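**Student:** Build me a structure from this.
(chains A, B, C and D)
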Protein chains: 2
Amino acid sequence: MDTTQRTDQQRSADRRRRELLEAADRVVLRDGPGASMNAIAAEAGITKPILYRHFGDKGGLYAALAKRHTDALLEALRAALDAPAERRERVEATLDTYLAAIEARPQVYRFLMHPSEGGPQGDQGFDIGLYSAPVLRRMGEELGKVIEERVDLGPGSQQLARVWGHGIVGMMHAAGDWWLGERPCSRAELVRSLADLLWGRLAAAGDRVGGPGF
Amino acid sequence: MDTTQRTDQQRSADRRRRELLEAADRVVLRDGPGASMNAIAAEAGITKPILYRHFGDKGGLYAALAKRHTDALLEALRAALDAPAERRERVEATLDTYLAAIEARPQVYRFLMHPSEGGPQGDQGFDIGLYSAPVLRRMGEELGKVIEERVDLGPGSQQLARVWGHGIVGMMHAAGDWWLGERPCSRAELVRSLADLLWGRLAAAGDRVGGPGF
DNA sequence: GACTCCTGTTACCGCAAGTAACATGTGAGT
DNA sequence: ACTCACATGTTACTTGCGGTAACAGGAGTC
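**Tutor:** Predicted coordinates:
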């Protein structure tokens, strides 16, 4: 009948879509974010217009791709955030989860956060910068919500929690990005350093000899 | 002689270069970061190849453009960082300086940090994402140096300071970006909230009723 | 068998980055 | 005065991308 047929078709379309996304994933992870639609189509064994029929435009495809990875990352973060432990331990676990993720799959990370710098040669094409912001925004919003739910911040807590959510995510992101590039220390050390920062060690530290401190 | 001639020529070339950069600035601020080389050349009253002779490629031009603005911003930040005041006040002044800058010239900010999302219509073109990272990196490095010079952090201070430098810059950036988009509060409130975060208020806050806190 | 979708193709448009090859003005050296 | 070197400027082109139109089967439905 009509319904079953529609269902069948939708099923088929969804499967196809997933296959295409997986092919796109392979190409993007291999060639960097500058991968062309032609290359992706070729990897999937088809041609361009099909991609456009499924995803509208390149932005749609990349958004779908980004969503997959983002969802996975957010789930891992939520787990670390919800673990039964002291606050400090949770913070460290969350930081460590994030850093472990970007360490384990730097290609994915670079795709999500640092559009196009992959390929050895020119990457005229497309700006995916629009998709890195949403990732960080989502993480910031989620963290803000968790903070507001869990921590007693007195009046104005909602706003404060949101600011902190975005701020902490930004801190994690920037520090992680720098760390991933230079690897100046172990992951555990980085986690501890960041947690110390959040724990007010900057305020507690004394001035250095020779003048007023920062 | 040779030297004076070379100097004259170089002077002329430098002036030309500055003019071109100013024209590029106007176009980028008007049309968004997706501005084409043709458009920039037209604004400057010349044609494309000249731009390429001066800046190599579009990346070179945009890097030069970014450097201008970045230098200006860094100088303002250094001033706030070096002001004679208590540490907390300096931190707040620095945060406020950064936020005031991005608030005053959001177009410039978006150009530096958020490549291509300016124009109302399609922006196939070019990825400037490569230039936002350097900006943040430079800020992070500088802040790290200042912290290491001024704050007594005990053993491992250099590494810790660098981590904190990048982390704090990332926090400032992410929170500022979110704030600029949503304007959920005044600048002063944002500054206070972030400074409170750095001052360990997250660690000091109590759990909310109903379970262990974040 | 005609009709309708869905999938797939080839061939094309428009536009941007980047490049060659050619034109021209100007000061230096002889 | 002539020419050489050189910087500045041009037009016209190539290449490669995103995106689209128009066409070509194939599988169910009436």
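
**Student:** Does the helix or strand harbouring residue A:74 reach DNA strand D?
**Tutor:** Using DSSP states H and E, residue A:74 sits within helix A:58-82. Yes: interface with DNA strand D: helix A:58-82 contributes A:58-59 (CB under 7 Å from any atom of the strand). Backbone N, C-alpha and C define where each C-beta goes, glycine included.

**Student:** Would you mind pulling up the elements that the helix or strand following that helix packs against?
**Tutor:** Remark: after helix A:58-82, the chain's next helix or strand is helix A:87-104, criterion DSSP H and E. Counting contacts by 3 or more CB pairs under 8 Å, 6 or more residues apart in numbering or on different chains; DSSP states H and E, helix A:87-104 is packed against helix A:58-82, helix A:157-182, helix A:187-198.

**Student:** of those, which approaches residue A:51 most closely?
**Tutor:** Across those, residue A:51 has its closest neighbour in helix A:58-82 (6.4 Å, CB to CB).

**Student:** Run the chain-centre distance for that closest one.
**Tutor:** Distance of helix A:58-82 from the chain centroid (CA atoms, centre = their mean, to the nearest Å) equals 6 Å.

**Student:** Please point out which parts of that helix sit buried.
**Tutor:** For helix A:58-82, the neighbour count (16 or more other CB atoms under 10 Å in any protein chain shown) marks A:58, A:61-66, A:68-70, A:73, A:77, A:80-81 as buried.

**Student:** just checking, what packs against the longest helix anywhere in chain A?
**Tutor:** Ranked by residue count, the top helix of chain A under DSSP state H comes out as helix A:2-31. Contacts defined by 3+ CB pairs under 8 Å, 6+ apart place helix A:2-31 against helix A:37-43, helix A:48-55, helix A:58-82, helix A:106-113.

**Student:** Compare the ones you listed and report which one is nearest to DNA strand C.
**Tutor:** Nearest to DNA strand C among these is helix A:48-55; the distance by CB to the nearest atom of the strand comes to 3.6 Å.

**Student:** Keeping just the C-alphas, turn the closest one into PDB.
**Tutor:** Provided in PDB are the C-alpha atoms of helix A:48-55 (Å, rounded to 0.1, in the frame of the first residue of the first chain):
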ATOM      1  CA  LYS A  48      27.400  15.000  -7.700                       C
ATOM      2  CA  PRO A  49      23.800  15.800  -8.300                       C
ATOM      3  CA  ILE A  50      22.800  12.900  -6.100                       C
ATOM      4  CA  LEU A  51      24.600  14.500  -3.200                       C
ATOM      5  CA  TYR A  52      22.800  17.700  -3.900                       C
ATOM      6  CA  ARG A  53      19.500  15.900  -4.000                       C
ATOM      7  CA  HIS A  54      20.100  14.400  -0.500                       C
ATOM      8  CA  PHE A  55      21.700  17.300   1.200                       C
END
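
**Student:** Work out the gap between it and the centre of the chain.
**Tutor:** So, by CA atoms, centre = their mean, the centroid of helix A:48-55 is 25 Å from its chain's centroid.
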